[in-house]
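> everything below, folded, please.
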Amino acid sequence: MERMNSEPSLTEMIDAVTKTFIVAHADDTDAHLAQALVYNAGRLAWRLREQGITTEAKTSVSDVVTDADRAAEQFVSGVLEAVRPEDGIVGEEGAARHSESGRIWHIDPVDGTYNFASGSDYFCSALSLSDAEGVIMGAVHRPAMGYTWFGGRDFPTSRDGKEVTPLADSPASRSSLATYLHPTSMAIPEIREAWQHVAENFATLRMLGAGSIDLASVADGTWGAWVQHSVADWDWLPGKALVEAAGGKAIKVEAGGVEWCVAGNKQVVAEIEELFRG
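Below is the predicted model:
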């Protein structure tokens, strides 16, 4: 017997939203497309949370995924497959397509998923575009605040269309450090000691659990610097683009047996690098 008057499935709903978006944005530049995608993906996830979400653990109780993550990634990847058919795609939740153009979009549909699933507003949607020379641009949208950060190789970093103040040199001793260290890493002496050797030199610490918001906030001057180890490209590249386009620096450093991502103004990044290597 055929299903009558039933509600559309989530997949069907996302397909419809994707088709509507494609019609409206088929001729967008990369810059406009990136900003529109993170805005809509973030808002989509937020609306789905309000309706109730299912949460599953991935590698640990704090590393989780929700059906909203998957739906937002389905939306972003579906749009990109249609309007940028030659570009590659790498998504946190499994979206993947080989690049024919040499360009790759990295998708983080919901960054800060543990926060998101717990009801916190400290989460975002993030997206970057890269080529053989590095990251071209990054976009981050934080739905709860309404902020969209954007910046890249040819675009000074902006928040909601207004250029941020370029990052000025400032030492660790006068700066805040946004960071994250999982409890399992705290139990490994080499990692803990490398992190502590850096962290204890800052004026104050912030550990809030959404790296792309942290990095965007470094780019706009809210936080002074950011440090985290073993960071996936979708968590690193959007924010790296923003920090560099704001006049800062974003590098990787080996210490304590792991690779650390470091971002901030040029002075504080040099100081952190020296502390890690010291």
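> what mean pLDDT does stretch 247-261 have?
Averaged across stretch 247-261, the pLDDT comes to 98.
> can you point out the buried residues in it?
247-250, 253, 255-256, 258, 260-261 (16 or more other CB atoms under 10 Å). All C-beta atoms are positioned from the backbone trio N, CA, C, and that covers glycine.
> can you report phi and psi for the residue lying closest to V269 once chain neighbours are set aside?
What sits nearest to V269 in space, not counting adjacent residues and going by CB to CB, 6 or more residues apart in numbering, is K249, at 4.3 Å. Dihedral angles of K249 (phi, psi; degrees, to the nearest 10) stand at phi -130, psi 140.
> K249: what's it in contact with?
Applying CB atoms under 8 Å, 6 or more residues apart in numbering, we find K249 in contact with 243, 263-266, 269-270.
> same thing with D108?
The contact partners of D108, by CB under 8 Å, 6+ apart, come to 91-92, 125-127, 212, 234-235, 238.
> and which of these is nearest A26?
Nearest to A26 among the contacts of D108: L127, at 17.6 Å, using CB to CB.
> on that earlier part again, R103: which of the contacts of K249 is nearest?
V243 (20.8 Å).
> got a list of what the nearest residue to N201 once chain neighbours are set aside touches?
Among residues not flanking N201 along the chain, A172 sits closest, at 4.4 Å (CB to CB, 6+ apart). A172 is in contact with 198, 201-203, 224-225, 268, 271-272, counting by CB under 8 Å, 6+ apart.
> please pick the buried ones from the residues you listed.
Among the contacts of A172, those scoring as buried are 198, 201-202, 224-225, 268, 271-272 (criterion: 16+ other CB under 10 Å).
> need those in JSON lines with pLDDT, secondary structure and distance to S158, can you?
JSON lines is the format used below for those (pLDDT from 0 to 100; DSSP: H, G, I helix; E, B strand; the rest coil; distance: CB to CB, whole Å):
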{"residue": "V198", "pLDDT": "98", "secondary structure": "helix", "distance to S158": "29"}
{"residue": "N201", "pLDDT": "98", "secondary structure": "coil", "distance to S158": "31"}
{"residue": "F202", "pLDDT": "98", "secondary structure": "coil", "distance to S158": "27"}
{"residue": "G224", "pLDDT": "98", "secondary structure": "coil", "distance to S158": "20"}
{"residue": "A225", "pLDDT": "99", "secondary structure": "strand", "distance to S158": "21"}
{"residue": "V268", "pLDDT": "98", "secondary structure": "helix", "distance to S158": "22"}
{"residue": "E271", "pLDDT": "98", "secondary structure": "helix", "distance to S158": "27"}
{"residue": "I272", "pLDDT": "98", "secondary structure": "helix", "distance to S158": "26"}
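> of the residues you listed, which is the nearest to T18?
Within the buried ones among the contacts of A172, the smallest distance to T18 is 37.5 Å, found for A225 (CB to CB).
> what bridges to the residue lying closest to the closest one once chain neighbours are set aside?
Distances taken as CB to CB, 6+ apart place G264 nearest to A225, at 3.3 Å, with adjacent residues excluded. Beta-bridge pairing for G264 (DSSP bridges): A225, K249.
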